[in-house]
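# Generate a structure from the sequence data that follows.
(one chain, ligands or ions: 1)
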Amino acid sequence: MNKKLQFIIVGFLAFLACETNVEEDLNAALDCSQVEEYYTENVKPILEPNCTVCHSGSSPSGGVSLDTYTTVYYAIKSGEVLDRIQRESDDPGFMPSGGQKLSVENIFVIQKFFEMECQ
Ligand code: HEC
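Presented below is the predicted three-dimensional model:
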């Protein structure tokens, strides 16, 4: 086999192996600090520019605050957040209200958080 092609294939397989590991890590029973870390690294950067302008402070919209790990944890785990962000932008109750639908990648990040179990 052509050396260069071989190199590319091996590299690709290594990449796939890494991807699979991340997937397994997320699905295994996690330490709760890992869930919080996932929030800080992945979820917070999505909610901050899109949601907290309305969902924070002393009287957050809909009574839902999305600016701390604890409040976000319950809002996402209840399924409410996924329900709203998966609606189409012209549907009633769509979130972010008045904004653009989150990207497929960002919705996936929230979906992952919803599925994460820890102990
Ligand atoms: C421009 C202001 C605004 C923005 C930005 C916004 N929201 Fe909202 N949100 C509201 C208002 C007002 C309500 C209450 C009315 C309703 O339930 O639709 C609400 C309600 C909700 C509810 C339902 C709360 C409940 O339990 O009744 C959820 C969940 C929610 N928003 C999530 C989000 C998420 C996630 C984002 C970001 C992707 C977001 N919102 C961005 C204004 C906003």
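
# Isn't D31 up against C118?
Yes. Here D31 reaches C118: they are 6.3 Å apart, a contact under Cβ atoms under 8 Å. From N, CA and C alone the C-beta is placed, and that goes for glycine too.

# what number of residues lie near K44?
Neighbours of K44 under the rule other Cβ atoms under 10 Å: 16.

# and stretch 72-86, anywhere near the ligand?
Yes. Counting by Cβ under 6 Å from any ligand atom, the ligand is contacted by stretch 72-86 at A75, E80, V81, R84, I85.

# will you turn those residues into JSON lines that also has neighbour count?
Listed next are the residues of stretch 72-86 next to the ligand as JSON lines, based on neighbours: other Cβ atoms under 10 Å:
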{"residue": "A75", "neighbour count": "20"}
{"residue": "E80", "neighbour count": "15"}
{"residue": "V81", "neighbour count": "25"}
{"residue": "R84", "neighbour count": "18"}
{"residue": "I85", "neighbour count": "20"}
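
# And stretch 40-59, how far out from the chain middle?
A distance of 12 Å separates the centroid of the chain from that of stretch 40-59, by Cα atoms, centre = their mean, to the nearest Å.

# ok, residues contacting that stretch?
Contact with stretch 40-59 is made by 60-62, 64-67, 69, 72, 76, 95-97, 99, 102, 106, 109-110, 112-113, as judged by Cβ atoms under 8 Å, 6 or more residues apart in numbering.

# try it again with 10 Å
Outside of stretch 40-59, the residues within contact range by Cβ atoms under 10 Å, 6 or more residues apart in numbering are 35-36, 38-39, 60-69, 71-73, 75-76, 81, 84-85, 95-100, 102-103, 105-107, 109-110, 112-113.
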